[in-house]
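Novice: Just need the structure, nothing else, for what follows:
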Amino acid sequence: MISINDLTVSFGGYTLLDDINFHISDKDRVGLVGKNGAGKSTILKLIMGLQSPTSGKVLMPSGLNIGYLPQVMEHAKDKSVIEETMTAFSELKQLNEKMDRISLELSERTDYESKGYQKLIVELNEISDMLAISDSESPEALAEKTLLGLGFRKSEFDRQTSTFSQGWNMRVELAKILLRRPEVLLLDEPTNHLDIESIQWLEDYLQSFTGSLVLISHDRRFLDNCTTRTVEVMLGHIYDYKVPYSKYVELRKERIEQQRAAYDNQQRMIEKTEDFIERFRYKPTKSNQVQSRIKQLNKIDRIEIDDEDLSTLSVKFPPAPRSGDVAFLVKDAVIGYKNDDGSRKVILRGANMTVKRGEKVAFVGRNGEGKTTMMRVMMSELEPFEGEAKTGYNVDIGYYAQNQEDILKKEDTVYDTLEKIAVGEVRYRLRDILGAFLFRGEDIDKKVAVLSGGERSRLAMAKLMLNPHNLLALDEPTNHMDIRSKDVLKQALKAYNGTLIVVSHDRDFLNGLVDKLYEFGDGVVREHLGGVDDFLYRKKIESFRELEAKVPAPVPAAQSTTFVKKPVGVPSKGGAVKHVEQQKLSFEEQKQAKKLKNRQSTLEKQIASLEVEMSDIEKVLAAPTAETDIIELTRKYLDLKRDLDLKMEEWAGL
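Specialist: Coordinates of the predicted model:
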């Protein structure tokens, strides 16, 4: 389908890609891997014709429908989310309009036997066939389903795209690409701005995608779940493995080991042969053997070991000065920000959290639920509207912000970025610190503007090394980082003896790193003890209401039905004593069983009623008006929660 032939890309005297060749076949699922700056994104740009090679060609069928998601893109700012998403169906709309025009013309013409009339009939049939193929579901329904899967709420569909962050606009672009149903998908780090649930949805979509896929990602699990072939880009060359990422890591290690063993064996044989030639070169009795050995050496195909890029981060955070027992405390806080008109935008209500010295904590949840806002509160960039939020005694925060594009000055060089904020003796170690983050030689004179996403992430992380901090607050630190760099950073953070608060959607990165999670969602913060795998496992078996929220496609309004919700594990009415009734019981036993059955039925109705009432309060708290008494509603919600817990406990006893 797509053939890359003898492709070379050079910049100035530096060769990025050196005479590479590979083929993307129909239904191929390729993971493109390699270090930041290896040339992965360049390959996608070459396929799209956005960049020209120094030599070589990219061949593909004409009219091939390709969907391309770059790392950085321009976003529409004058449309709502749903309007911009619906532009994906512009071709479909044009076909419908053309069909209407032809139908109108045919109804007005009477020259049924003319060539022009027959041509219109043929054209109408072709358009009808194309519409029939694509008309599996209405465009509006498809757009809504895709946006919901990517994490948007229905209430956000009519919001202007200009009011969303770059990450959310990237989701709109991704939705448009998926809705166009391309034959080939080229995705450049699509998970960078997705939360865990949206990543799961995208995984499910890509697993059922029937076209060809070329995926650049630094998420090991995502690659394993979505690809079946791994193409490694390293030092200008490519290495093609017909296996998913985890298997590729094993095979690559085996290949290098076998190659090195064969090389060592051949070198020993060559050394012995050369030694024999040197010893007996001038002995007449051995001249025939010497000549034979010389010819043998000349015929040998010399084994070469493939060059490896063994450069890795060398990160070790400075020892953390001792802080108070509590590093960060939030108590009954109402948190948000003020709109341009002075009105309040409340994001979190009744928030409580206690992060103690030495704890490693993750903030998780849907994007836009307040994780970064809480980070800003911790940095004193925002103050709670109500309640309390404060850092502990002697806490010194090292902050890694998500929006590195805005924070790093593009006109500065790599070295200048550190030099401007370095003080004291650390100024004499700037080159060593930059070298630990793979900025060596001429790299330190590069302007920030020309750095890749991964290089900017490394530079921002290097800034944290300039001074010892006892609390590291990292907001999406692994975005754009390659897999090897993420592993090194993870090990450094595990060895760090201070307090860590990290916002991340990277499951592999969080697994084994954090021992407590705070989940942000529906305007509240919930504490979860344990690691990310424990959290994800519990999420699958939590309350019925949580499971209901995960249903991918809502029931259409015309078919909607009101259901009375029951607690998890509540059997159908009378189910708990059904088996008892079938046995031969005494009169007293039957009487007691009936009493228990009636009490159980009453409790189930009360529990369902309490859950409905709590759900109604949650909806009001999620979108309060000026008249809403948040404190009174929160108090009422907590009273209902206590009542629900007591009734659930009694029901469990029955």
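
Novice: Give me the three-state assignment for the residue nearest to the spatial centre of the chain.
Specialist: Centroid-nearest residue in the chain, with CA atoms, centre = their mean: T191, separated by 2.6 Å. Using DSSP: H, G, I helix; E, B strand; the rest coil, the structure places T191 in coil.

Novice: what sits against it?
Specialist: 199, 202, 217, 219, 222, 505 (CB atoms under 8 Å, 6 or more residues apart in numbering). For the C-beta atoms, the positions are set from N, CA and C on the backbone; glycine is no exception.

Novice: ok, now with 7 Å
Specialist: By CB atoms under 7 Å, 6 or more residues apart in numbering, the residues touching T191 are 199, 217, 219, 222.

Novice: Can you tell me the closest non-neighbouring residue to the second one?
Specialist: By that I understand S217. Take S217 and drop its neighbours on the chain: the residue closest to it by CB to CB, 6 or more residues apart in numbering is L223, 5.4 Å away.

Novice: looking at this, the one you found is in a helix?
Specialist: Yes: assessed by three-state DSSP, L223 belongs to a helix.

Novice: And it, what's its pLDDT?
Specialist: Looking at L223, its pLDDT stands at 91.

Novice: cool, L120 as well?
Specialist: 80.

Novice: how far away is it from I256?
Specialist: 64 Å (CB to CB, to the nearest Å).

Novice: who has more neighbours, those two?
Specialist: More crowded of L120 and I256, by other CB atoms under 10 Å: L120, with 17 against 13.

Novice: Show me what the one helix or strand that one maps to is packed against.
Specialist: If you go by DSSP states H and E, L120 is part of helix 115-134. With contacts taken as 3 or more CB pairs under 7 Å, 6 or more residues apart in numbering; DSSP states H and E, helix 115-134 sits against helix 90-108.

Novice: quick one, what contacts K390?
Specialist: K390 neighbours (CB under 7 Å, 6+ apart): L329.

Novice: Show me what it is bridged to.
Specialist: L329 (DSSP bridges).

Novice: From here on, call the first residue 16.
Specialist: Renumbered: residue one is now 16, and that last one reads K405.

Novice: Flag the shaky bits of the stretch 466-615 of the chain, pLDDT-wise.
Specialist: The model of the stretch 466-615 of the chain has pLDDT under 70 over residues 554-606.

Novice: One more: the stretch 166-315 of the chain?
Specialist: By pLDDT under 70, the low-scoring segments of the stretch 166-315 of the chain are 180-182.

Novice: Tell me where it has strands.
Specialist: 199-203, 227-231, 244-249, 252-256 (DSSP state E, counting those that start in this stretch).

Novice: Which neighbouring elements make contact with the third one?
Specialist: What that stands for is strand 244-249. strand 44-48, strand 252-256.

Novice: quick revisit: can you put the strands of the stretch 166-315 of the chain in JSON lines and add distance to K651?
Specialist: Below are the strands of the stretch 166-315 of the chain laid out as JSON lines (distance: least, CB to CB, whole Å):
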{"stretch": "strand 199-203", "distance to K651": "46"}
{"stretch": "strand 227-231", "distance to K651": "48"}
{"stretch": "strand 244-249", "distance to K651": "55"}
{"stretch": "strand 252-256", "distance to K651": "59"}
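
Novice: now those strands as TSV including mean neighbour count and distance to S177?
Specialist: Converted to TSV, those look like this (neighbours: other CB atoms under 10 Å; distance: least, CB to CB, whole Å):
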stretch	mean neighbour count	distance to S177
strand 199-203	23	23
strand 227-231	23	28
strand 244-249	22	36
strand 252-256	17	40
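
Novice: returning to that earlier point: restricting to C-alpha, output the helix holding L135 in PDB.
Specialist: Extracted as PDB, the C-alpha positions of helix 130-149 are listed here (Å, rounded to 0.1, in the frame of the first residue of the first chain):
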ATOM      1  CA  LYS A 130     -26.600  10.300 -23.500                       C
ATOM      2  CA  GLY A 131     -26.700  13.200 -21.100                       C
ATOM      3  CA  TYR A 132     -29.700  11.700 -19.300                       C
ATOM      4  CA  GLN A 133     -28.000   8.300 -19.100                       C
ATOM      5  CA  LYS A 134     -24.800   9.800 -17.800                       C
ATOM      6  CA  LEU A 135     -26.800  11.500 -15.000                       C
ATOM      7  CA  ILE A 136     -28.400   8.100 -14.100                       C
ATOM      8  CA  VAL A 137     -25.000   6.400 -13.900                       C
ATOM      9  CA  GLU A 138     -23.600   9.300 -11.700                       C
ATOM     10  CA  LEU A 139     -26.700   9.100  -9.400                       C
ATOM     11  CA  ASN A 140     -26.200   5.300  -9.000                       C
ATOM     12  CA  GLU A 141     -22.500   5.800  -8.100                       C
ATOM     13  CA  ILE A 142     -23.300   8.400  -5.500                       C
ATOM     14  CA  SER A 143     -26.100   6.200  -4.100                       C
ATOM     15  CA  ASP A 144     -23.700   3.300  -3.700                       C
ATOM     16  CA  MET A 145     -21.100   5.500  -1.900                       C
ATOM     17  CA  LEU A 146     -23.800   6.900   0.400                       C
ATOM     18  CA  ALA A 147     -25.100   3.400   1.100                       C
ATOM     19  CA  ILE A 148     -21.600   2.200   2.100                       C
ATOM     20  CA  SER A 149     -21.100   5.100   4.500                       C
END
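
Novice: and of the strands of the stretch 166-315 of the chain, who's closest to G365?
Specialist: Closest to G365 of the strands of the stretch 166-315 of the chain, according to CB to CB: strand 199-203, at 39.1 Å.

Novice: Partner strands of the closest one and their direction?
Specialist: Applying DSSP bridges to the sheet, strand 199-203 is found paired with strand 81-84 (parallel), strand 227-231 (parallel).

Novice: quick one: which of those is nearest V345?
Specialist: Nearest of the strands paired with strand 199-203 to V345, taken as CB to CB: strand 81-84 at 36.6 Å.
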